[in-house]
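1. just a sequence and a predicted model for now, questions to come.
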Amino acid sequence: MRTPAVRRSKLPQSKKAAYRKRPKKRANGGGNGLNTRQRVLKAAAELFARKGYHATSVRQLSSAVGLGRGALYYHIKGKERLLWDILWEPARRLADKAVALRSLDATPEEKLRLFGRNLMRGIAEDLAEWTVFFREFHGLSRQRLNEVLKLRETFEAVFREILDAGHAQGQFRELDPLLIKGLLGMFNYSYLWIRPHGRKTPEEIADEFCDVILYSICLRQADSAKT
């Protein structure tokens, strides 16, 4: 029996803009366009990702960015606040992009692909930050932890809404909530192996993941497989 192929729908230009990489604004300070606070955040994210939040000392961070202890605290306001800043910004960006999909005039399949591409690109571009997000979030105080988890819940909710909309429109089969979490985990845990400049782009990887998901959940594919 020949295996039915899943067609990748071509997205209109207006929808491609929803996930297209935007050029980063350059700030004063440093040849790489990062200002001092951004350099501190990036260096801290890389140290936390490599050594762990609790195992990284303020002295090590100070040495990494070439700042004295007093100058460093001017920019970070404390180690736990530093962890929160590292986690908050990339999570907020992804949550904002996910929420924007709610008002986009697109099919559930198109929204699923856009969601996946946004997520994979975000993880690849902020790899150290997302490594810290998934491994070290428990280092936050309860209040700050809840704020970060709300952002995660936001883009998880959008993912569920896309799949639920596909089911309501007769395109996708109904999925158990545990399976939905598992499908999202395909994207989330890419932080363990993805490389920003690897053999395939984050968008290409996301499309292949979506091919697998759509082959499994599209009712037209299930019907074809039975014949």
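-> Sure thing, it's come through.

2. show the average pLDDT along stretch 46-63.
-> The average pLDDT within stretch 46-63 is 93.

3. straight-line length of it, end to end?
-> Terminal residues of stretch 46-63 lie 13 Å apart, using CA to CA, to the nearest Å.

4. skipping its backbone neighbours, what lies nearest the residue nearest the centre of the chain in space?
-> In the chain, the C-alpha closest to the average C-alpha coordinate belongs to L119, at a distance of 3.7 Å (CA atoms, centre = their mean). The shortest distance from L119 to any residue that is not its chain neighbour, by CB to CB, 6 or more residues apart in numbering, is 4.8 Å, and that residue is F187. Where you see a C-beta, it was placed from the backbone N, CA and C, and this is true even at glycine.

5. count of residues packed around that neighbour?
-> The tally of other residues near F187 (other CB atoms under 10 Å) stands at 24.

6. OK, contacts around the residue nearest to the centre of the chain?
-> The neighbours of L119, taking CB atoms under 8 Å, 6 or more residues apart in numbering as the test, are L94, F155, F187, N188, A206.

7. isn't the last one up against G116?
-> Yes - taking CB atoms under 8 Å as the contact criterion, A206 and G116 are neighbours in contact, 3.7 Å apart.

8. identify the contacts common to these two.
-> Overlap between the neighbourhoods of A206 and G116 consists of F187, taking contacts as CB under 8 Å, 6+ apart.

9. which helices and strands sit right next to the top helix by length along the chain?
-> As assigned by DSSP state H, the longest helix anywhere in the chain is helix 142-168. Packed against helix 142-168, as judged by 3 or more CB pairs under 8 Å, 6 or more residues apart in numbering; DSSP states H and E, are the following elements: helix 79-102, helix 108-125, helix 177-188.

10. please redo it, this time with the cut-off set to 10 Å
-> Other helices and strands packing on helix 142-168, by 3 or more CB pairs under 10 Å, 6 or more residues apart in numbering; DSSP states H and E, are helix 79-102, helix 108-125, helix 127-136, helix 177-188, helix 202-217.
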